[in-house]
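Undergrad: One predicted model, sequence on top.
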Amino acid sequence: MSDKPHPTTTQSGTPVVSDEHSLTVGPDGVTVLHDRYLVEKLAQFNRERIPERIVHAKGGGAFGRLVITGDVSAYTRAQVFAPGADSEMLARFSTVAGEQGSPDTWRDVRGFALKFYSAEGNFDIVGNNTPVFFIRDAIKFPDFIHSQKRLPGSGLRDLDMQWDFWTLSPESAHQVTYLMGDRGLPSNWRRMNGYGSHTYQWINAAGERFWVKYHFISRLGAANLDAAEAERIAGVNADFYRQDLYDAIARGDFPTWDVKVQIMPYAEAAGYRFNPFDLTKVWPHGDYPLIDVGHFTLDRNPRNFFAEIEQAAFAPSNLVPGTDISPDKMLMARIFSYADAQRYRVGTNYMQLPVNAPHAAEVHSYSQDGAARHQFNDPTTPVYAPNGFNGPVADPAVALEGSWESDGELVRTAASLHAEDNDFGQAGTMYRQVFTPEQKARFLATLTGQGQGLTVAAIKTRFVQYWTNVDADLGAQVAGAMGLPAVDPNAQ
C-alpha cells in the first residue's frame, strides 16, 4: 500500500486544487462565487445536522437595548450608531464545539452574537469572546470544526484529532493561546467580553470609507474560572451559564457591556504592519485606540426559549446602510454560509419569525413562496423587477454600499503578507507580555495536560514544535513536562 495520500476530490470525484485557499481575485481580492469546491464544502457543511446548529449549538440569550452615547457620525451614517439612538436588541451566547446538552463550562471559545432591530433593518454582529479565530480562510472551516467534534466511529472527542489539525495549521496559534489560557474558561457570560473579531467597513454620509473592529466590554469586569472549578461545575450543573444569565435578569441584575470600536482610515490598510483583514491578527490598541460608542444592557429573558433563542437566526449578511464588510476571506464566506445555514436549519422563510423579523423597517421584497410562508404581498403588487406597476425600486443612494479596490487574476493563495505578519508572533507577544506569572503557570499546566493526552508520536512532536514557535522557553518547558526532547525554535 502506498504511503502517498489520495488526492482530495469533490463529491463527484474530481480532484481539487487546494485544501487551504479559496479562489480570489488577487491575494487580497474578493472570493468568487464560482469556487465550486468552496461552495460545495460550505453548503454540505451547513446541512450536516438536524435540527441543532452545527456549531454554537449550546447556548442561551436575552433581549435588551443598545443606547448610543458617543458620536461616531464622522465614520458611519448608520442610524443604529447615530448619537442618542436607542435600539431593541437580542444577544445569544454559546460554546463553539459543544452540542446540545454539553456542559457550559467546557474549555471552549464562546460565541457572542448580537442582533440590533434598527430603524433601517436588522443589523447583526456575529462574533466571539476572542478578537481572533483559528483560521483565516473559510475553505478550512468545515475541516476545523470536524477536528473539534467527534470521531465518526467511536462518537468520542479526540485530542489527537484536534492537535493534528492545529499543529498543521500554524495560523491557529494566536487563538489557541487564548483558548488554553485563562480566557478559555469565563466565569459566566455576564463577565465575558465580546468582539466582532472580523474587520468590517463603515461609510459616512459623505461616502468616505473606514475599517472598523467592534469590542464589547463587560462593565462587571472580565473574570474566569480555574480548570478544577470549571470541571466541578460541569458535573453539577451543565447549564451553569444559561442559568446564571436567566437568574440575574429575573432578579433585576441587568448586565451591561460598553460598545467600543477601533477605526483605521481606509488608506492605511495597505501599508499597515499586519494584514488588517487577517482574522488571526489583532490591531494593537497603541496603533488604533478604542473609541467609545455606547452601551447595551440585557433586561428581558425570553418568554419561550425555543421560539426566541433556538429559532433566532444571526448572519453577518444582515447589514444596514453605513456598514459593510472587508476583504477578510472568512467574513466573505460567512456572508453566504450563515444565511444559508439558517434557511436550512430554521426554514426558507426564517426571517418572518417574530424573533428574526425587523421591528421598524418595512420589508419590500420580491421573494415569494417557500415552506412556512406567512407574510405575503398584496395580489396587485408585481412579483418581478423591473416592472411598470410602481413596485419597489432599488436605490443606491439609500443603500450606500461599501467597496474596496481589487484588480488581479484568479488565484488560490494566502492573503498578502505585511511587514510584521507571522503566524506565531502575536501569540508569543500575548504569552510574554500579557500573561501574568500565575497565568503562565496555569497555561503550562493546561498544555501539559493536553500534551500528555496525545497518543500519536508525530503529533506530540508537532505539539512541542508548535509551542516552541510561540515561545522558545515555553516550548522547552512543554517538552520537559512531556518527557520529550526540546526542539529547534527556528524550525517550522
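TA: In hand now; what should we look at?
Undergrad: Which parts of this protein are helices?
TA: For the chain, helices defined by DSSP state H occupy the ranges 36-45, 141-148, 159-167, 173-180, 227-236, 240-250, 305, 329-345, 396-399, 425-429, 437-452, 457-470, 472-482.
Undergrad: so which of those helices is the most packed in?
TA: helix 173-180 (a mean of 23; mean count of other C-beta atoms under 10 Å). All C-beta spots, glycine's among them, are computed from the backbone N, C-alpha and C.
Undergrad: ok, back up a step: lowest mean pLDDT across the helices of the chain, which one is that?
TA: Of all the helices of the chain, the minimum mean pLDDT falls on helix 396-399 (a mean of 73).
Undergrad: from the chain's centre, how far out does that helix sit?
TA: How far helix 396-399 lies from its chain's middle: 28 Å, per C-alpha atoms, centre = their mean, to the nearest Å.
Undergrad: For the stretch 251-400 of the chain, just list every one of the strands.
TA: 256-265, 291-300, 323-324 (DSSP state E, counting those that start in this stretch).
Undergrad: Tell me which of those strands approaches Val212 most closely.
TA: Ranking these by proximity to Val212 (C-beta to C-beta) places strand 256-265 first, at 5.2 Å.
Undergrad: lowest-confidence helix or strand of this protein?
TA: Least confident helix or strand of the chain, by mean pLDDT, DSSP states H and E, is helix 396-399 with a mean of 73.
Undergrad: Show me what it is packed against.
TA: Under the contact definition 3 or more C-beta pairs under 8 Å, 6 or more residues apart in numbering; DSSP states H and E, helix 396-399 sits against no other helix or strand.
Undergrad: Identify the residues contacting that helix?
TA: Contacts with helix 396-399, where a contact means C-beta atoms under 8 Å, 6 or more residues apart in numbering, come from Pro321.
Undergrad: picking that back up, may I see the helices of the chain arranged in JSON lines, with distance to Asp71 as well?
TA: Converted to JSON lines, those look like this (distance: least, C-beta to C-beta, whole Å):
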{"stretch": "helix 36-45", "distance to Asp71": "39"}
{"stretch": "helix 141-148", "distance to Asp71": "37"}
{"stretch": "helix 159-167", "distance to Asp71": "42"}
{"stretch": "helix 173-180", "distance to Asp71": "32"}
{"stretch": "helix 227-236", "distance to Asp71": "41"}
{"stretch": "helix 240-250", "distance to Asp71": "30"}
{"stretch": "helix 305", "distance to Asp71": "38"}
{"stretch": "helix 329-345", "distance to Asp71": "27"}
{"stretch": "helix 396-399", "distance to Asp71": "22"}
{"stretch": "helix 425-429", "distance to Asp71": "31"}
{"stretch": "helix 437-452", "distance to Asp71": "37"}
{"stretch": "helix 457-470", "distance to Asp71": "40"}
{"stretch": "helix 472-482", "distance to Asp71": "44"}
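Undergrad: Which of those sits closest to His364?
TA: Once the helices of the chain are compared by C-beta to C-beta, helix 396-399 is nearest, at 11.7 Å.
Undergrad: how about the CA coordinates for the closest one, as PDB?
TA: Presented in PDB, the C-alpha positions along helix 396-399 are these (Å, rounded to 0.1, in the frame of the first residue of the first chain):
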ATOM      1  CA  PRO A 396     -28.200  53.000  -4.300                       C
ATOM      2  CA  ALA A 397     -28.300  56.500  -2.700                       C
ATOM      3  CA  VAL A 398     -30.200  55.000   0.300                       C
ATOM      4  CA  ALA A 399     -28.200  51.700   0.500                       C
END
